[in-house]
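Enquirer: Mind looking at a prediction? Sequence and model below.
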Amino acid sequence: MSLRKALVAVDLGAQSCRVSLIRWKDGRPQVGMVHRFPNAPVLSGKGWHWDIERIFAGVAAGIQQCAELATEGIASVGIDGWAVDYVRLDCNGKRIGDPFCYRDQRTARAMREVFEIIPPVKLYELTGIQILSLNSLFQLYADKLSGVDAEFRWLNLPEYLTHLLGGEPVAEYTNATHTQLEINHPSFDSNSTPVADSIFEDR
């Protein structure tokens, strides 16, 4: 292996999560899966959620295994995953609970009420995203209906796990395009787009 530092790629899946190690040999990347663990939503009295602590523990274990293998060091860790579920953080940056799973039915009412504010045709025109009840827009509106403080920020699951590993708490642009909030603004702000401003303003 070369002295070029390795990379770690984490793929979050709804049924399993994988941690892979990318090392370099003769200038070419060699990819190998190092750790895989099952994943599934958990049903509680409040609905379907992700056990985020268990997911993070699995990711951390995989990264640790990669670090033990990559004696040349690790340059960076990248995490991807489905882009509609998220973690809400209170004003102190603390998680308010396990994130809801996109399969939870709480968005049915939210979807109906959002359409009273922005008709489906207009919403698609603004966002270019297929209208599905699992989209972050409807989940966030369901949060509003349940009384979640509008000041509580949110991070998509990959960005939240990256934050737990020491990264900045940011909204990654390509994930943001799947939320049905992004409208191809030069500077994306998940808390302020025409869609967000019209839907989440006090009514």
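Expert: That came through, no problem. Numbering: from 1, shown residues only.
Enquirer: Describe which strands the helix or strand residue 79 falls within pairs with in its sheet and in which direction.
Expert: Take DSSP states H and E as the rule and residue 79 turns out to sit in strand 74-80. Using DSSP bridges, strand 74-80 pairs in its sheet with strand 6-11 (parallel).
Enquirer: ok now the strand it pairs with, how far from the chain's centre?
Expert: 17 Å (C-alpha atoms, centre = their mean, to the nearest Å).
Enquirer: Convert it to CSV, keeping the C-alpha atoms and dropping everything else.
Expert: What follows is strand 6-11 as a C-alpha-only set of coordinates in CSV (Å, rounded to 0.1, in the frame of the first residue of the first chain):
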residue,chain,number,x,y,z
ALA,A,6,-7.0,6.1,3.5
LEU,A,7,-10.6,7.2,3.3
VAL,A,8,-13.6,5.8,5.1
ALA,A,9,-17.1,5.7,3.5
VAL,A,10,-20.2,5.1,5.6
ASP,A,11,-23.4,4.1,3.8
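Enquirer: what about the helices in this protein?
Expert: Secondary structure of the chain by DSSP state H: the helices cover 52-69, 107-117, 120-127, 136-145, 157-164, 173-176, 194-200.
Enquirer: need these in JSON lines with mean neighbour count and distance to residue 31, can you?
Expert: Backbone N, C-alpha and C define where each C-beta goes, glycine included. Compiled in JSON lines, those are given as follows (neighbours: other C-beta atoms under 10 Å; distance: least, C-beta to C-beta, whole Å):
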{"stretch": "helix 52-69", "mean neighbour count": "17", "distance to residue 31": "12"}
{"stretch": "helix 107-117", "mean neighbour count": "16", "distance to residue 31": "36"}
{"stretch": "helix 120-127", "mean neighbour count": "15", "distance to residue 31": "34"}
{"stretch": "helix 136-145", "mean neighbour count": "22", "distance to residue 31": "30"}
{"stretch": "helix 157-164", "mean neighbour count": "21", "distance to residue 31": "19"}
{"stretch": "helix 173-176", "mean neighbour count": "15", "distance to residue 31": "21"}
{"stretch": "helix 194-200", "mean neighbour count": "17", "distance to residue 31": "38"}
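Enquirer: returning to what we had before: so for the strand holding residue 79, what's the average pLDDT?
Expert: The average pLDDT for strand 74-80 rounds to 96.
Enquirer: Also stretch 107-127?
Expert: 93.
Enquirer: Likewise for stretch 154-167?
Expert: Mean predicted confidence for stretch 154-167 is 95.
Enquirer: Identify the residues contacting residue 33.
Expert: By C-beta atoms under 8 Å, 6 or more residues apart in numbering, the contact set of residue 33 is 18-20.
Enquirer: Tell me what residue 44 is bridged to.
Expert: Bridge pairing for residue 44 (DSSP bridges) gives the partners residue 47.
Enquirer: pLDDT-wise, which helix or strand of this protein ranks last?
Expert: helix 194-200 (a mean of 69; mean pLDDT, DSSP states H and E).
Enquirer: Enumerate the beta-bridge partners assigned to residue 88.
Expert: Under the criterion used (DSSP bridges), residue 88 bridges to residue 154.
Enquirer: how much space is there between it and residue 59?
Expert: Distance, residue 88 to residue 59, using C-beta to C-beta, to the nearest Å: 20 Å.
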